[in-house]
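Chemist: here is the input, now give the coordinates:
(one chain, ligands or ions: 1)
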Amino acid sequence: PQRTQLGEGGELLFAGAPVSHLAARFGTPAYLIDEAQVRDAAHAYRRALPEAEVAFASKSLCTRAVLRWIAEEGLSLDTCSAGEIAVARAAGFPAERILLHGNAKTPEDLKAALEYGVGRIVLDSLDEIEQLGSVAHNAQRVLIRVTPGVSGETHEAITTGTEGQKFGFSLRSDVRDNVDRAVAAVLAQPSLRLAGMHCHIGSQVSRVDRYEEAARRMIEVLVHVRETHGVTLHELDLGGGHAVPYVNDDASFDLDGYARRLRVALAYECSSHEFPLPRLTIEPGRAIVGAAGITVYRVCAVKRGARTFVAVDGGMSDNARPSLYGARYTARLVGRRTKAARTPMTIVGRHCEAGDVLAADIRLPDDVHAGDLIAVPCTGAYHHALASNYNLVGRPPLVSVRQGNATLVVPRETEEDLLRRC
Ligand code: LLP
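Modeler: The predicted model follows:
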């Protein structure tokens, strides 16, 4: 649940700070992140699954400040590029707690991982096994990513556990790049040490039974590997993808139910195959930072026609999710009190595309006007991370707030920044 609170005179308090003061101090649009809420979410995961390793998926929000909080909370880190490793390194994130993912790791990605000495690299193709095998040293620990054939029942662009999408080795014996070939290829590389198996069924997944199913299938994979290749693997990484509610009718993710049902499924499946319970890793990103962030915009114009449009000073460059996934959001007016009736309006951005819609048909006060501030909740994950410079708009700053005190953790991009690449 969002921790923003209504204050005096229609003010919105974010982590104890009045949002209109933050907007005046840092400008708009601005991403705000509640440090305590991020730490609490990280802590909730550790408490729900004390026996598991919880690796924060840095792709959801990767800044030095955030990674320092994550490291302090005792989590591990899922990275997927040399860039993310560089930020982790700059934040002093312990290398042995880092995993590197990716279906097309470049030589630079592998080099960065080996130089920093990341704990595990998750292998996703036969080519990669050969490439890493020839440059790795010190028996690099690796996991193999598997396509478990389980759908997360989510948007197609973020469904990753089924055949026919690009991630993982197939369980099918009739295709070339299947798990058996991958295991044999890794075992043939003296510089690699196979530690376990990985899968990730998708993102914004709310159904716990999908994870249970993936867990069962992955134990079957471990049992199969023991039978076929004679090695017992001790690590199982079930990925992330736990959903966060963006609008009222979105399902939320039952973390305690997930922990309980996963524990039972793993114990049952392992004991029926007399297989030792593997060490579990999970990789939540959105569920740690999503609800801890909001974005504040200023209204530039209101247009009352066939539909009422409220145009703000940001848009698809700071929130790509509606255009990429048809994602839905809510929004509210902040900073002033009004008794005006609330009517359906559509919040649009400033970009030169008709699809630049932030929130369609949401209720805002009739008297909303240019100069008003609008807050969009639940923008901590995949907003800063997915931001672009489309139309050469500078990306917003990220401001962390804790007990009413704000700190600029990422400055707003300036014209000078933009000119560097144009
Ligand atoms: N582990 C792996 C291997 C992943 O690929 C991902 C996300 C995660 C963990 C973390 O997933 P999360 O818990 O954050 O859902 N841009 C999309 C989401 C893409 C997710 C990509 N992989 C969005 O904004 O909905």
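Chemist: and the next element down the chain from the longest strand along the chain?
Modeler: Ranked by residue count, the top strand of the chain under DSSP state E comes out as strand 293-304. Following strand 293-304 in sequence order, the next helix or strand is strand 308-312 (DSSP states H and E).
Chemist: render the CA-only coordinates of the longest strand of the chain in PDB, please.
Modeler: The C-alpha trace of strand 293-304 is given here as PDB (Å, rounded to 0.1, in the frame of the first residue of the first chain):
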ATOM      1  CA  GLY A 293       7.600   5.700  -5.900                       C
ATOM      2  CA  ILE A 294       5.300   8.500  -7.200                       C
ATOM      3  CA  THR A 295       5.800  10.900 -10.100                       C
ATOM      4  CA  VAL A 296       4.800  14.600  -9.800                       C
ATOM      5  CA  TYR A 297       3.800  16.600 -12.800                       C
ATOM      6  CA  ARG A 298       2.600  20.100 -13.400                       C
ATOM      7  CA  VAL A 299      -0.500  20.600 -15.600                       C
ATOM      8  CA  CYS A 300       0.400  22.600 -18.800                       C
ATOM      9  CA  ALA A 301      -3.000  22.800 -20.400                       C
ATOM     10  CA  VAL A 302      -6.600  21.500 -20.000                       C
ATOM     11  CA  LYS A 303      -8.500  20.900 -23.200                       C
ATOM     12  CA  ARG A 304     -12.300  20.400 -23.000                       C
END
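Chemist: distance from the chain centre to that strand, please.
Modeler: Averaging C-alpha positions (CA atoms, centre = their mean, to the nearest Å) puts strand 293-304 25 Å from its chain's average.
Chemist: just for the chain, where's the confidence low?
Modeler: Applying pLDDT under 70 to the chain flags the ranges 1-3, 6-7.
Chemist: check contacts around R64.
Modeler: For R64, the contact set (CB atoms under 8 Å, 6 or more residues apart in numbering) comprises V87, A90, A91, V409. The way it works is simple: take the backbone N, C-alpha and C, and place the C-beta from them, glycine included.
Chemist: got a list of what the nearest residue to P245 once chain neighbours are set aside touches?
Modeler: Ranked by CB to CB, 6 or more residues apart in numbering and with sequence neighbours excluded, the top spatial neighbour of P245 is S252, at 4.6 Å. Listed by CB under 8 Å, 6+ apart, the contact set of S252 reads S206, A243, V244, P245.
Chemist: go with 7 Å
Modeler: S206, A243, P245 (CB atoms under 7 Å, 6 or more residues apart in numbering).
Chemist: do the same with A182
Modeler: L123, L126, I129, I144, F169.
Chemist: if we use 6 Å, what do you get?
Modeler: Contact analysis of A182 by CB atoms under 6 Å, 6 or more residues apart in numbering lists I144, F169.
Chemist: distance of the residue nearest to P245 relative to the ligand?
Modeler: Going from S252 to the ligand by CB to the nearest ligand atom, to the nearest Å gives 14 Å.
Chemist: next: R216.
Modeler: Remark: distance between R216 and the ligand (CB to the nearest ligand atom) = 19 Å.
Chemist: what number of residues lie near that residue?
Modeler: Residue neighbour count, defined by other CB atoms under 10 Å, stands at 16 for R216.
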